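>>> Here's a sequence, model it:
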Amino acid sequence: MLANNFKKSLLAVNVSISLGAGFSGAVAAEESQNQVQENVEVIEVRGIRRSLEASMNTKRFANSVVDAVSAEDIGDFPDNNLAESLGRIPGVTVSRQFGEGSAVSIRGASNQLTKTSLNGQNVASTGWYTEQAIDRSFNYSMLAPEMIASMEVYKSSQADIVEGGVGGTVIVNTRRPLDLDANTVFGSLKATRSSISDETDPNASALYSWKNEAETFGVLGAIARSEYSLERLGDEGLPVWAGRIAPTNFKQERERTATDIQLQYAPTDSLDFGFHYMNLELKANNLNTQIWIPQNLENCSTNAQGVPVKCTSTQAWVDETGGAQPYYDVRPRQATMETELFAFDMTYQGEHVKIEFQIGTTEATGGTNFETNYAALTDVSGTIGTIDATGDRIKYDIANPNYAVSELGVGANSILNAPNIDEEDYTQVDFTFPLEGDFFTSLKTGVRWVHHEVEKSGNRPLLSSADPVSGLVTGKFIDAGEAGFLIPEPDAGAMIAHTKSLISDWVEERAAYSSIVEDNLAAYVMANFSHENVRGNIGLRYISTDISSDAYALSPGFVDPIIDRNNGYSNEIVTEESSYNELLPSFNVAVDVSEDIIVRFSAATVIARPNYNDLFTSSSLKGYGDNIPTNQSVEKGSVALSPFKANQADLGVEWYYNASSLVAVSYFTKQVDTFTTFASIPGQQIGIVDPDSGEDSWTVQSFKDGQGGDISGVEFQWQHTFENGFGGVFNYTYADAKADAKNYSDKNDIFSDSSKHTVNAVAFYENDDFSARAAYSWRSDYMIREVGFYGNREHQDFGTLDLSFSYKINENFTVVADVTNLLEEDSIQVGRDIGELPVEQRTSYGYPSYSYEGEARYSLGLQYRF
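Alright, predicted model coming up:
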């Protein structure tokens, strides 16, 4: 009797949790499982409580280890950022960039080892920041929550899911017109204000979905427009540069526009066609302003690694290099990211076979459109005092921390245009054959082909003049750092206009160019089974990858007649090639021990392809012409890198002790066999001389296959609802993620982005018209590792308290209010280099590398539904 209930209910419970309640339930079983459904009862999701009940049943009848989050209704995603919604799922942690969730990590693995897809396929993505490595992770800040129906997190693997996630796979699902009522209308207006910025940001969205009376043809159109004014105050350390510490003001104006168009045609019950167009654009113009305060290195105490941590005077002092003064530094940037996709799909459901066909293309453009730099030495008056870097953040005791500048000089070596391009074409076909045996219920097989290209480049200007100029500050002062420094407010528009007026032409920077072409072929077979109290799937996926990379060859001693940045680079582009293939088995089984208790087990071999930044074969220069001595390095990737590869297993028990409550616990383990690491060789001459320092000694860094590591941990989750409208959810994840310390320059044996402890606690109340939710998320410290300026460091433990409220005025209008990071938790990052000497002084063990003031955001809005 129980086995029959499983078969009848498997697809009936095709609903997901609303994280308006803050809970992560399992996603509904995939259509690919092809169970025959008869006399099923569809659960209608209404309200937080009903959503929890539906998600609990979804988890109960799923074959794989899957959690999900979905909108209870259009526009009802519980967070303004999709990554932050995912962060409330057990085993998932969020990495925040500039105050907003941007990437997710699953079960202790780096966020770069998380695979994200849209409707099961890749989405091209680029970054906006020149110091950010190009990788395969997806920037969740690009997506508008109003357009998303659900997000599924696969923690176990199965053969019919696109490969690429060692940590796990996130599938973001959009809405389809035939799934909605005819003439569905949704609109929202919202205003948001932060505790730091003086700006009030408007947000608006609209959606309309239509279908004919026969429900055979439908059209859905949606648009969302939002603005995000970010002002970040903090302190950054660069003690290698005359001991300088920088109170910093960072401002960014984000403008996100998302457009979604879907057509669906189902002429018969067995045939369905779909067309999907999506455009995502994010403008991210920003302005970074700092005052670099020097320390008297002859009057300092140092830590065990010889780094100055407390200086009793910051007055300008003279040494053998000629001395140091406070240094006013401004970097205006113009940046835009745009992603576009076209997708077509067809599904045919016959009596003896189900055929699914998909074809599409996606392209993203981004990078930095334009960046310039202005700087000046400032008056040293008022800088006498103490700078104390012995704790986890910098402390100041300075006489009068105010600074002024008049003329500014343009930083010729810092002006650039750095576009990136990412594009992919794919074709996939899947066949599912129902079986009439007593054990195996269906057989699914398919093939997928992908052609992927990614390119980075850079251009440098030819300037008519670089003389200092005045009139580039507003005459006002702005806050910088957490100690309340006042520094001149730059006029970013005037700086950009002045720089462009000096440019006579642009020249390609050969060190910045590289391209990658990757062709991937995958084929799989998977059998679904169900017998008495056991159900699941077993499968095998085969992948084959061919990869090549172009770059300019080094030519030591070559002197470029136009710009010195091209010295040492020839005009010849060389191509390097490589290939690899893998077999990826997977197995998932769920055993119904009793009516209330389910035991799950899964095992699989998974991979994640190397990051593009590690594959680029260009010899990229770092620290060139930046006024900072002894930091010159050249980085070169390798197409011969193997993919990250892991064997993983999962064992879990779930107890459904009443109609809307559960307790679940699971143990997981991953053995990562293959890992990308690096080799670093200092003191090399490559035929290139730094124009500022005159140094010709470079650290050569390259990437190679290294030893992996082990991840093991436990997930616990509990939910309980009361009949009076109250309820609560709690989940805790322990992840012990140990990697070979040789993989990292900081020599720590901890996976990047991995927190050992993660906690989510949610309390809610709702009735017919009103709902309220308080959600607290906390994660313990974790390592952030970035190629480039910021380097490797440890982010201290971080917790956020978010509140959300809604009140239904009538059937059409609802008032919503949200508070994000109510406690204004600060971001504190410290160095953790282990060894006699640190890689950089700022990443020395325990050194307060970066600290940023926490920002709370308050929003109030009105939603309309019809």
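>>> spatially speaking, which residue is in the middle of the chain?
The chain has Ala103 as the residue nearest its centroid, 2.1 Å off, counting by Cα atoms, centre = their mean.
>>> Tell me how far the helix or strand hosting it lies from the chain's centre.
Per DSSP states H and E, Ala103 falls inside strand 100-106. In terms of Cα atoms, centre = their mean, to the nearest Å, the centre of strand 100-106 is set 4 Å apart from its chain centre.
>>> On the C-terminal side of it, identify the next helix or strand.
strand 114-118.
>>> Show me what that following strand is packed against.
strand 100-106, strand 168-174 (3 or more Cβ pairs under 8 Å, 6 or more residues apart in numbering; DSSP states H and E). From N, CA and C alone the C-beta is placed, and that goes for glycine too.
>>> try it again with 10 Å
Other helices and strands packing on strand 114-118, by 3 or more Cβ pairs under 10 Å, 6 or more residues apart in numbering; DSSP states H and E, are helix 82-86, strand 100-106, strand 148-154, strand 168-174, strand 327-349, strand 597-608.
>>> by contact count, what packs against the third one?
What it means is strand 148-154. Checking 3+ Cβ pairs under 10 Å, 6+ apart, strand 148-154 ends up next to strand 66-70, helix 82-86, strand 100-106, strand 114-118, strand 168-174.
>>> right, and the ones you listed - which one's nearest Thr820?
Within those, the stretch nearest Thr820 is helix 82-86; the backing value is 7.8 Å (Cβ to Cβ).
>>> What is the subsequent helix or strand relative to that closest one?
Next element after helix 82-86 (DSSP H and E): strand 92-97.
>>> the inter-axis angle of that next one versus strand 66-70?
50 degrees (axes from the mean of the first three to the mean of the last three Cα atoms, to 10 degrees).
>>> Give me the angle between strand 92-97 and strand 168-174.
Going by the same axes, to 10 degrees, strand 92-97 makes 80 degrees with strand 168-174.
>>> Quick one: the strands in the stretch 101-250 of the chain, in order.
114-118, 148-154, 168-174, 184-194, 200-211, 217-238, 244-268 (DSSP state E, counting those that start in this stretch).
>>> which of those strands has the lowest average pLDDT?
Among these, strand 148-154 has the lowest mean pLDDT, at a mean of 86.
>>> ok, it: who's next to it in the sheet?
strand 66-70 (antiparallel), strand 168-174 (antiparallel) (DSSP bridges).
>>> distance between stretch 461-475 and the chain's centre?
Worked out by Cα atoms, centre = their mean, stretch 461-475 lies 36 Å from the chain centre.
>>> now it: mean pLDDT?
Rounded mean pLDDT across stretch 461-475 is 88.
>>> Start and end of it, how far apart?
End-to-end distance for stretch 461-475, by Cα to Cα, to the nearest Å: 29 Å.
>>> ranges for the helices of this structure?
2-9, 47-61, 82-86, 492-502, 612-615 (DSSP state H).
>>> With mean neighbour count as extra columns, can I get those in JSON lines?
What follows is these, written out as JSON lines (neighbours: other Cβ atoms under 10 Å):
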{"stretch": "helix 2-9", "mean neighbour count": "15"}
{"stretch": "helix 47-61", "mean neighbour count": "24"}
{"stretch": "helix 82-86", "mean neighbour count": "27"}
{"stretch": "helix 492-502", "mean neighbour count": "16"}
{"stretch": "helix 612-615", "mean neighbour count": "24"}
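>>> weakest of those in terms of mean pLDDT?
helix 2-9 (a mean of 36).
>>> Model confidence at Lys808, what's the number?
pLDDT, Lys808: 94.
>>> Distance-wise, check it relative to Ile562.
Remark: distance between Lys808 and Ile562 (Cβ to Cβ, to the nearest Å) = 66 Å.
>>> The two: who's more crowded?
Lys808 (16 against 11; other Cβ atoms under 10 Å).
>>> Check the contact between the more buried one and Leu862; I expect there is one.
No. Lys808 lies out of contact with Leu862 (Cβ atoms under 10 Å); the separation is 11.5 Å.
>>> Name the residues contacting each of those two.
814-815 (Cβ atoms under 10 Å, 6 or more residues apart in numbering).
>>> Tell me which of the strands of the stretch 101-250 of the chain sits nearest to Lys636.
Nearest to Lys636, of those and by Cβ to Cβ, is strand 217-238 at 25.3 Å.
>>> Report the distance from that closest one to the chain centre.
Using Cα atoms, centre = their mean, the offset of strand 217-238 from its chain centre is 13 Å.
>>> now for it, which elements pack on it?
strand 184-194, strand 200-211, strand 244-268, strand 271-292, strand 473-480, strand 827-830, strand 850-852, strand 857-865.
>>> elements contacting the first one?
Strand 184-194 is packed against strand 200-211, strand 217-238, strand 813-820, strand 857-865, with contacts defined by 3+ Cβ pairs under 10 Å, 6+ apart.
>>> Provide the strand pairings for the first one, with the direction of each partner.
This points to strand 200-211. strand 184-194 (antiparallel), strand 217-238 (antiparallel).
>>> For the shortest one, buried residues please.
Going back to what we said before, that points to strand 184-194. Neighbour counts using 16 or more other Cβ atoms under 10 Å place 184, 186-188, 190, 192-194 of strand 184-194 among the buried residues.
>>> quick one on the thing from earlier: format the strands of the stretch 101-250 of the chain as CSV; extra columns: distance to Tyr524.
Output for the strands of the stretch 101-250 of the chain, formatted as CSV (distance: least, Cβ to Cβ, whole Å):
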stretch, distance to Tyr524
strand 114-118, 15
strand 148-154, 15
strand 168-174, 14
strand 184-194, 36
strand 200-211, 34
strand 217-238, 31
strand 244-268, 27
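>>> among those strands, which is nearest Glu423?
strand 114-118 (14.9 Å).
>>> Please tell me how far the closest one is from the chain's geometric centre.
The answer for strand 114-118 is 10 Å, by Cα atoms, centre = their mean.
>>> got the angle for it vs strand 168-174?
Using the same axes, to 10 degrees: strand 114-118 against strand 168-174 is 20 degrees.
>>> CA-only coordinates of strand 114-118 in CSV, if you can.
As requested, the backbone C-alpha atoms of strand 114-118 are provided in CSV (Å, rounded to 0.1, in the frame of the first residue of the first chain):
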residue,chain,number,x,y,z
THR,A,114,29.0,25.2,-7.4
LYS,A,115,27.3,24.7,-10.7
THR,A,116,24.4,27.1,-11.5
SER,A,117,22.1,26.7,-14.5
LEU,A,118,18.9,28.4,-15.8
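>>> and the angle from it to strand 271-292?
Using the same axes, to 10 degrees: strand 114-118 against strand 271-292 is 130 degrees.
>>> what's the angle from strand 114-118 to strand 100-106?
120 degrees.
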